[in-house]
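Trainee: okay, structure incoming, though there's no sequence with it:
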């Protein structure tokens, strides 16, 4: 007190003993929480259904209170149930005992497989727990425990709450609780004993009955019957008699194709170890009474074979090693590497082939050499042999990939290299394509990967396999180097790349796939030009793919090809020369017929007088019944240049350039000119095809909505159609008008190319050559995840597990969100891979259980029952065995335990031989097995007992109330949890 600390002070202090103490404040806070949660009074629910503790929905709500500076968390656990009508129950509800006391005697939910420990020990549907809030805090001293228990008792009495209230004491790992429940004139005390060592007299039923009877202290001479429920749990850990069906991968057999799971293009699948570590068999005697059975330290009637109820659960191995998950995880690790291909391989990767000894004086003569003679035979050896020679020269004879593996991969990626298809006139882009319909095929749209039959997809799988089995990062760099050399070889020799859809790059696919499609577009354009330069189209040696060089309505038609042949017949040099100039034009012919039609000096408007003697060129076909407005000639659709294909990075680059031009008038004008290159080309083609045409004619064909026609009456009273350009076309300095005035009548074949395939191809090849393995892995990871999802779906179809179907849908939805954006976070990618690995583990567990239960060896009816049983084991925490030990599944489980016991008890290896099949299939009689049943099972790993009685307590005239004691005995743990009720009115 202040008076004691300062005796010299004359200040007189009065201590107010009416002020609330810390203890009283704590009790008040407990009462406040109970009132807030509306836990006041008795709310009787309907009787508990069987299995509701596991199948029902549990909820909890928490709050925090403090005793002085010690924080406690208060948590209300309750089972969600439908509200019941209270009509007709008002009179009896006043005298009814609390719901929790009634639940103590309910036998429908003994030994729930998955529930809170207090639910398992006491069978409660609702309770409140007060526990230390901090994880390391604990209430250890007996006085503090009693203080908390007193607080709980006072709070319950003050509020009238009939929900049991528990306090957690000692360290949290011990799960020690004491508590109380109060009702009108009744009280239940919840007590607990927890020991490490089990006293011998309490290892059996008779000793536990003695404890129970002494605790309830019933004064009645004929003691009311005690109801008993017993469960023994047996653990099977030894699976030696059943080999895990997943064989380790045979790497040596890869090239020969002996192992189906390791062929290039197929991902491996399955767990490397048994994903099921233990099987727990619970044998239950749910309704027994004292005197029916004997269980003491000398003899026991509790034979597991005779138990009326069997249930099984499986314990899964922690993080089993799964092949598919490991494959994808290892590939993801490449994304974090920083080294370039040169640094990994220790050499300059892309050097010009065969030119190490070439003299510098030959450089100029190369420019004037005629085009090289086409190669007569295409094969893996002559496509990549020179590249391998270069590697060996710089690296010695050491290569990350040996020749056999490399040739196998290259044949897989480029099947056209070993066939004669190229020379029979068939295309190489449709090899082994699956039907391009169905949800699985179009999955690449969501993942932004590549079609499952494409070269990009196959390359991703091969790199994944190489990374895991053949040289790791060095092997990946080596294969990528070979791939880029192959791309250059095909560009220089006009061979289309197989496994890519024709047409412009598909922006729904990954960027690498778009780049390869762009390269193919360049090869196609180059082929189309080179076709026109051949002196004789009937040459028996060709290196082009027919059928890819013309499409009606806007692409190069056959007329155009003929013109191109005529135009380029005198050219001695191929277009694959190194021409990167922005001012590159198609060559013009020297004959008089072509020269006189140039019309370079004609008027800007191109009226009829100036163009009367021009010859029309580059016509595709007539445009219906439309005619030119000024001379009545039919309007012809011209042959136009195809627009330049673009990949998404080029589109983005172009957008940035246009955006940087700003919003000024000059910037807008420049932007419009940059975007009108294609428009100008089409105008020139239109002028060449329709001499004497005007802008109005072009607009009628090119943009019909910008030509407005109206019905007007002429001087003679006739209704005629009069047309004019739209308002936007009449704006001064209109880009269309400017382009039309600038355009000259030049057919498409003589115009400057809109798409410079030589330059674009070189840009693509440079881009590929500069990719580091990490960049490559980033590009291809969506393809690898795509392949992994398809593999999981394929394997799931064989097992038909409903829960896995739902997870796969979630994986697809999650992956489509993550992969659709560039550079996804590693953490999100790891989450996707973890989900795939979990599904792989579930399927592996299903196969493991099917192998152990021998589903394939059974008859059809039994097979269906067993498959249903195995499916339930995967999805449910615990599964009942139909027929207990006498059912088909029960006999198999019995056999598993017998074999494990023989292995344990006998050192003779012959003892591990399985029981004969007829023993399994024959419904064995209990009497026949009686002699051997003692040794069929190991000692139980866990013994659980529930003792119940309804007796008056503490006096003979007290109200008969429920008493319950739960006991669990394991190897290193012994626990008694008692709920003892007493009458507080008549004692």
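Mentor: It's in. The shown structure was predicted, so the numbers you read here are calculated from the model rather than taken from an experiment.
Trainee: show me the helices in the stretch 801-950 of the chain, by range?
Mentor: 802-819, 826-853, 860-875, 888-905, 917-921, 926-929, 933-936 (DSSP state H, counting those that start in this stretch).
Trainee: any idea of the mean pLDDT for the last one?
Mentor: Taken as a whole, helix 933-936 carries a mean pLDDT of 58.
Trainee: same check on the second one?
Mentor: Summarised as a single mean, pLDDT over helix 826-853 is 89.
Trainee: so for it, what gets flagged as buried?
Mentor: In terms of neighbour count (16 or more other Cβ atoms under 10 Å), helix 826-853 has its buried residues at 829, 832-833, 835-837, 839-853. Where you see a C-beta, it was placed from the backbone N, CA and C, and this is true even at glycine.
Trainee: pull the distance from it to the chain's centre.
Mentor: Between the mean C-alpha location of helix 826-853 and the chain-wide mean there is a distance of 11 Å, by Cα atoms, centre = their mean, to the nearest Å.
Trainee: kindly report the same for the first one.
Mentor: Computed by Cα atoms, centre = their mean, the chain-centroid distance of helix 802-819 equals 5 Å.
Trainee: what does that helix rub up against?
Mentor: Contacts to helix 802-819, defined as Cβ atoms under 8 Å, 6 or more residues apart in numbering, come from residues 443, 446-449, 781-782, 785, 789, 792-793, 796, 824, 828-829, 831-832, 835-836, 838-839, 842-843, 871, 874-875.
Trainee: between that helix and helix 826-853, how big is the angle?
Mentor: 160 degrees (axes from the mean of the first three to the mean of the last three Cα atoms, to 10 degrees).
Trainee: could you give me the average pLDDT of helix 802-819?
Mentor: Helix 802-819 shows a mean pLDDT of 88.
Trainee: from residue 739, how far off is residue 733?
Mentor: Between residue 733 and residue 739 the computed distance is 11 Å (Cβ to Cβ, to the nearest Å).
Trainee: before we move on, what about residue 772?
Mentor: Residue 772 is 44 Å from residue 739, by Cβ to Cβ.
Trainee: same thing with residue 801?
Mentor: 63 Å.
Trainee: next: residue 800.
Mentor: Taken as Cβ to Cβ, the span from residue 800 to residue 739 is 63 Å.
Trainee: who has more neighbours, residue 733 and residue 739?
Mentor: Shown here are residue 733 and residue 739; by other Cβ atoms under 10 Å, residue 739 has more neighbours (21 against 9).
Trainee: could you say which helix or strand holds that one?
Mentor: Element membership for residue 739 (DSSP states H and E) is helix 735-742.
Trainee: what's around residue 974, how many residues?
Mentor: 19.
Trainee: hang on, it in a strand?
Mentor: Yes. The assignment for residue 974 by DSSP: H, G, I helix; E, B strand; the rest coil puts it in a strand.
Trainee: hey, what's it bridged with?
Mentor: residue 195, residue 969 (DSSP bridges).
Trainee: check it and give its pLDDT.
Mentor: Looking at residue 974, its pLDDT stands at 93.
Trainee: from memory it sits against residue 192, does it?
Mentor: No. Contact criterion Cβ atoms under 8 Å: residue 974 and residue 192 do not qualify, at 11.4 Å.
Trainee: ok, then the element right after the helix or strand residue 144 falls within?
Mentor: According to DSSP H and E, residue 144 maps onto helix 142-159. Going down the chain from helix 142-159, the next helix or strand is strand 165-169, by DSSP H and E.
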